[in-house]
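Q: okay, sequence plus prediction incoming.
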Amino acid sequence: MTLVISAAAAVAVAVWRFAKPETGRRLALGVLALMYAGAALMWCADGFASLVHGGPFLDFSAPAVADDALLGLCVLALGLAVWGVYLMAHRHRPSRA
(Lines give C-alpha, C1' and ligand atoms only; values in the text may rest on other atoms or scores of the structure.)
Protein backbone atom coordinates (compact mmCIF):
# COMPACT_ATOMS: atom_id res chain seq x y z
CA MET A 1 0.00 0.00 0.00
CA THR A 2 2.91 2.35 0.65
CA LEU A 3 4.05 1.83 -2.93
CA VAL A 4 0.59 2.69 -4.24
CA ILE A 5 0.31 5.83 -2.09
CA SER A 6 3.84 7.04 -2.93
CA ALA A 7 3.40 6.40 -6.65
CA ALA A 8 0.00 8.13 -6.70
CA ALA A 9 1.47 11.14 -4.91
CA ALA A 10 4.41 11.27 -7.35
CA VAL A 11 2.09 11.16 -10.35
CA ALA A 12 -0.30 13.74 -8.87
CA VAL A 13 2.49 16.21 -8.07
CA ALA A 14 4.12 15.69 -11.49
CA VAL A 15 0.80 16.32 -13.26
CA TRP A 16 0.28 19.44 -11.15
CA ARG A 17 3.82 20.61 -11.98
CA PHE A 18 3.35 20.26 -15.72
CA ALA A 19 -0.26 21.47 -15.78
CA LYS A 20 0.68 24.73 -14.06
CA PRO A 21 4.31 25.44 -15.05
CA GLU A 22 4.53 28.84 -13.33
CA THR A 23 3.21 27.45 -10.06
CA GLY A 24 5.40 24.38 -10.43
CA ARG A 25 8.50 26.51 -10.84
CA ARG A 26 7.60 28.88 -8.01
CA LEU A 27 6.79 26.09 -5.56
CA ALA A 28 9.60 23.74 -6.72
CA LEU A 29 7.09 20.96 -7.33
CA GLY A 30 9.71 19.03 -9.28
CA VAL A 31 11.62 18.51 -6.03
CA LEU A 32 8.51 17.18 -4.30
CA ALA A 33 7.69 14.92 -7.26
CA LEU A 34 11.24 13.52 -7.20
CA MET A 35 10.99 12.83 -3.47
CA TYR A 36 7.78 10.87 -3.92
CA ALA A 37 9.12 9.07 -7.00
CA GLY A 38 12.22 8.10 -5.02
CA ALA A 39 10.00 6.78 -2.22
CA ALA A 40 8.00 4.77 -4.76
CA LEU A 41 11.22 3.29 -6.19
CA MET A 42 12.33 2.41 -2.67
CA TRP A 43 9.04 0.58 -1.98
CA CYS A 44 9.39 -1.14 -5.36
CA ALA A 45 12.82 -2.44 -4.32
CA ASP A 46 11.26 -3.60 -1.05
CA GLY A 47 8.59 -5.48 -3.03
CA PHE A 48 11.22 -7.20 -5.16
CA ALA A 49 13.18 -8.16 -2.05
CA SER A 50 9.97 -9.65 -0.65
CA LEU A 51 9.54 -11.65 -3.87
CA VAL A 52 13.09 -12.97 -3.62
CA HIS A 53 12.39 -14.21 -0.10
CA GLY A 54 9.18 -15.95 -1.14
CA GLY A 55 6.65 -13.32 -0.07
CA PRO A 56 4.15 -11.33 -2.12
CA PHE A 57 5.14 -8.16 -3.98
CA LEU A 58 2.14 -6.33 -2.50
CA ASP A 59 0.45 -7.63 0.62
CA PHE A 60 -3.29 -6.91 0.67
CA SER A 61 -4.18 -8.77 3.87
CA ALA A 62 -6.32 -6.70 6.27
CA PRO A 63 -3.70 -5.96 8.96
CA ALA A 64 -0.99 -5.24 6.39
CA VAL A 65 -3.17 -2.80 4.44
CA ALA A 66 -3.96 -0.75 7.54
CA ASP A 67 -0.31 -0.64 8.65
CA ASP A 68 0.99 0.11 5.17
CA ALA A 69 -1.60 2.83 4.60
CA LEU A 70 -0.55 4.54 7.83
CA LEU A 71 3.10 4.23 6.82
CA GLY A 72 2.28 5.64 3.38
CA LEU A 73 0.55 8.65 4.93
CA CYS A 74 3.56 9.18 7.20
CA VAL A 75 5.80 9.11 4.12
CA LEU A 76 3.58 11.73 2.45
CA ALA A 77 3.68 13.94 5.56
CA LEU A 78 7.45 13.62 5.89
CA GLY A 79 7.88 14.47 2.20
CA LEU A 80 5.76 17.60 2.66
CA ALA A 81 7.77 18.58 5.74
CA VAL A 82 11.12 18.15 3.98
CA TRP A 83 9.77 20.03 0.95
CA GLY A 84 8.65 22.88 3.23
CA VAL A 85 12.12 23.11 4.77
CA TYR A 86 13.60 23.07 1.26
CA LEU A 87 11.32 25.93 0.19
CA MET A 88 12.17 28.00 3.26
CA ALA A 89 15.90 27.42 2.81
CA HIS A 90 15.83 28.48 -0.83
CA ARG A 91 13.64 31.52 -0.29
CA HIS A 92 16.00 33.03 2.28
CA ARG A 93 19.14 32.42 0.28
CA PRO A 94 21.12 35.63 -0.37
CA SER A 95 21.00 36.73 -3.99
CA ARG A 96 24.15 36.58 -6.07
CA ALA A 97 24.97 39.94 -7.55
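A: Thanks, I have the structure now.
Q: show me what the one helix or strand residue 87 maps to is packed up against.
A: Per DSSP states H and E, residue 87 falls inside helix 62-91. Counting contacts by 3 or more C-beta pairs under 8 Å, 6 or more residues apart in numbering; DSSP states H and E, helix 62-91 is packed against helix 2-19, helix 29-52. In short, each C-beta sits where N, CA and C put it, glycine included.
Q: dump the ones you listed into CSV; add mean pLDDT and distance to residue 89 as well.
A: Converted to CSV, the helices and strands packed on helix 62-91 look like this (pLDDT from 0 to 100; distance: least, C-beta to C-beta, whole Å):
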stretch, mean pLDDT, distance to residue 89
helix 2-19, 96, 19
helix 29-52, 95, 11
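Q: can you put those in a markdown table and add mean neighbour count and distance to residue 67?
A: Output for those, formatted as a markdown table (neighbours: other C-beta atoms under 10 Å; distance: least, C-beta to C-beta, whole Å):
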| stretch | mean neighbour count | distance to residue 67 |
| --- | --- | --- |
| helix 2-19 | 17 | 9 |
| helix 29-52 | 16 | 13 |
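Q: wait, which of these is closest to residue 64?
A: helix 2-19 (10.2 Å; C-beta to C-beta).
Q: picking that back up, of all the helices and strands packed on helix 62-91, which one comes closest to residue 60?
A: helix 2-19 (10.0 Å).
Q: return the set of buried residues in the helix holding residue 87.
A: Neighbour counts over helix 62-91 (16 or more other C-beta atoms under 10 Å) mark 68, 72, 75-76, 79, 83 as buried.
Q: from those residues, pick the one nearest residue 51.
A: Set against residue 51, the nearest of the buried residues of helix 62-91 by C-beta to C-beta is residue 68 (16.2 Å).
Q: quick one: contacts for that closest one?
A: 1-2, 59 (C-beta atoms under 8 Å, 6 or more residues apart in numbering).
Q: measure residue 81 to residue 51 for me?
A: From residue 81 over to residue 51 the distance is 31 Å, taken as C-beta to C-beta, to the nearest Å.
Q: contacting residues for the residue nearest the centre of the chain?
A: Closest residue to the average C-alpha location of the chain: residue 36 at 1.9 Å, with C-alpha atoms, centre = their mean. Residues near residue 36 by C-beta under 8 Å, 6+ apart: 6-7, 9-10, 13, 76, 79.
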